[in-house]
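**Student:** coords please:
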Amino acid sequence: MGQSICEMLAANGLDVYMAEQGEDRLAHAMSMIEQSLDKQMERWALTSAEKKLILGRIQPKSSLNELQACELVIETITEDLDSKLAIFKELDAVCLPDVILASNTSTLSLTELASVTSNPDRVIGMHFVYPVHKTNLVEIVRGLKTSDAVFERTKQFVETTIHKKGVMVFESPGFVTTRLICLFINEALHVLEEGVASAEDIDSAMRIGYAFQHGPFEMADRFGLDAVLAALDRMFRDYGELKYRPSFILKKMVRGGQLGVKSGRGFFEYDKEGGRV
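**Tutor:** Coordinates of the predicted model:
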């Protein structure tokens, strides 16, 4: 998601600092962005000159201290609360007081993330939906102390600068998109468990019958089965309702390392570029 967001921002003409842990991860991230742009060139959606411009706007950074010049920071690390709290505490110390600190979290509390900062009013959620460059939506999530000014600045950025539809959401586990799509995937898993239909046929039924770009299982593979499991676990704990309890098939696949596109195999198999095999 972080790579996709960086690519999208640069494609909208913005100068982007992409921070990662270590030079190897930075090199890998830049390589993945270049592969994504090459795929667009193959489809005649991008020229080589546009590719060079986009790559030229992305500056890899190996330290958060180098983000002092940013006007907006979007955190996109893994959905682990302790890790995100540590990042926000560090960003609060590095960034100027008027810089918006946004998180791409899909299930964690913005209020809790903001609690480790000296200016909790500037913390907000910007939840992008995969695939970022194709999906014209950002959930703008208000924490308990998010100020009206920060919300309005974020909404203007989303709708005017990167030309996406901003939907205001009040803090709640899963927000709107994650909460609903994870229930959809989990119910598809129950249908599979019951032997009603195969994963391939369930996907075909929803893709063809309801014009989904991907069926629930390929969708889960592309999100990452570990991410889907983490979101369901979090909502199950927070809401306490059985409908959020993850399917045992999902747990078994994650334990076995079949995480979807990122591992090359989930419900289906994928090549190194994320294409179905």
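**Student:** quick one: contacts of stretch 220-231?
**Tutor:** If you take Cβ atoms under 8 Å, 6 or more residues apart in numbering as the criterion, stretch 220-231 is touched by 79, 106-107, 130-131, 174, 178, 182, 185, 214, 246, 250-251, 253-254, 258-262, 266-268, 270, 274. Where C-beta positions appear, they are placed from N, C-alpha and C, glycine not excepted.
**Student:** Tell me which stretches of this protein form strands.
**Tutor:** Along the chain, the segments classed as strands by DSSP state E run 16-19, 58-61, 72-75, 100-103, 123-128, 137-142, 165-170.
**Student:** tell me which strands and helices the lengthiest helix in the chain is in contact with?
**Tutor:** Longest helix in the chain by number of residues (criterion: DSSP state H): helix 23-42. Applying 3 or more Cβ pairs under 8 Å, 6 or more residues apart in numbering; DSSP states H and E, we find helix 23-42 packed against helix 2-11, strand 16-19, helix 48-56, strand 58-61.
**Student:** pull the CA atoms of it into CSV?
**Tutor:** In CSV, the C-alpha atoms belonging to helix 23-42 read as follows (Å, rounded to 0.1, in the frame of the first residue of the first chain):
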residue,chain,number,x,y,z
GLU,A,23,18.5,0.7,1.9
ASP,A,24,17.5,-2.8,0.8
ARG,A,25,13.8,-2.2,1.5
LEU,A,26,14.0,1.2,-0.2
ALA,A,27,15.6,-0.3,-3.3
HIS,A,28,13.0,-3.1,-3.4
ALA,A,29,10.1,-0.5,-3.0
MET,A,30,11.5,1.6,-5.9
SER,A,31,11.9,-1.5,-8.0
MET,A,32,8.2,-2.5,-7.4
ILE,A,33,7.0,1.0,-8.3
GLU,A,34,9.1,0.8,-11.5
GLN,A,35,7.5,-2.5,-12.3
SER,A,36,4.0,-1.1,-11.8
LEU,A,37,4.8,1.8,-14.1
ASP,A,38,6.2,-0.6,-16.7
LYS,A,39,3.0,-2.5,-16.7
GLN,A,40,1.1,0.7,-17.4
MET,A,41,3.4,1.4,-20.3
GLU,A,42,2.7,-2.0,-21.7
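**Student:** Okay, buried residues for that helix please.
**Tutor:** 26, 29-30, 33, 36-37, 40 (16 or more other Cβ atoms under 10 Å).
**Student:** Off-centre distance for it?
**Tutor:** 17 Å (Cα atoms, centre = their mean, to the nearest Å).
**Student:** Need the residues that contact it.
**Tutor:** By Cβ under 8 Å, 6+ apart, helix 23-42 touches 2-4, 6-7, 18, 20, 46-48, 51, 54-55, 58, 60-62, 273.
**Student:** Also stretch 158-168?
**Tutor:** 8-9, 12, 14, 126, 136-140, 142, 151, 154-155, 176.
**Student:** so which pair among these is furthest apart in space?
**Tutor:** Leu14 and Val176 (26.1 Å; Cβ to Cβ).
**Student:** just checking, Tyr239 touches Cys182?
**Tutor:** No: Tyr239 is beyond contact range of Cys182, at 11.6 Å (criterion: Cβ atoms under 8 Å).
**Student:** Between those two, tell me which one has more neighbours.
**Tutor:** Cys182 (25 against 14; other Cβ atoms under 10 Å).
**Student:** what's the spacing between the more buried one and Arg237?
**Tutor:** 13 Å (Cβ to Cβ, to the nearest Å).
**Student:** Ile162 now?
**Tutor:** From Ile162 across to Arg237, the span is 33 Å (Cβ to Cβ).
**Student:** in the stretch 101-250 of the chain, which spans are helices?
**Tutor:** Using DSSP state H, counting those that start in this stretch, the helices of the stretch 101-250 of the chain run over residues 110-114, 148-156, 177-193, 199-210, 216-223, 225-239, 248-255.
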